[in-house]
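J.: structure here, sequence nowhere to be found:
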């Protein structure tokens, strides 16, 4: 834990773990599987690697993509988006 990239990606990964564990103990059938958590987890690792290699912009873009994935796919905190109008 030496760089800002380490701290940011580990914090996001930790939040993913908490979200997964929270959802796994809820009553009823889970709405997501562990595979839904694979892309953002790998994204955190790749973003950390790029950041540690001096590629800050690429790391930032990957972290941004990870956060967008989490909001749109995993929907933490029960975030709901309005349905599209046709």
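T.: Good, I have the coordinates. Only a predicted model underlies this, so the values are computations on that prediction, with no experimental measurement involved. Numbers count the residues shown, from 1 in each chain.
J.: what ranges does the chain have for its strands?
T.: Remark: no strands are assigned in the chain by DSSP state E.
J.: pLDDT below threshold where in it?
T.: Applying pLDDT under 70 to the chain flags residues 84, 86.
J.: need the nearest residue in space to residue 63, chain neighbours excluded.
T.: In space, residue 63 comes closest to residue 47 once its chain neighbours are excluded; the distance is 4.8 Å by Cβ to Cβ, 6 or more residues apart in numbering. For every residue, glycine as well, the C-beta is placed using N, CA and C.
J.: tell me how far the one you found lies from residue 16.
T.: Using Cβ to Cβ, to the nearest Å, residue 47 is found at 13 Å from residue 16.
J.: list the contacts of the closest residue in space to residue 69 that isn't next to it in sequence.
T.: Of all residues not flanking residue 69 in the chain, residue 40 sits nearest, at 5.3 Å (Cβ to Cβ, 6+ apart). For residue 40, the contact set (Cβ atoms under 8 Å, 6 or more residues apart in numbering) comprises 12, 16, 66, 69-70, 74.
J.: for PyMOL, what selects the buried ones among the residues you listed?
T.: Those of the contacts of residue 40 that count as buried under 16 or more other Cβ atoms under 10 Å are selected in PyMOL with:
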select buried, resi 12+16+66+70+74
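J.: from the contacts of residue 40, pick the one nearest residue 28.
T.: Distance to residue 28 across these (Cβ to Cβ) is lowest for residue 74, with 16.9 Å.
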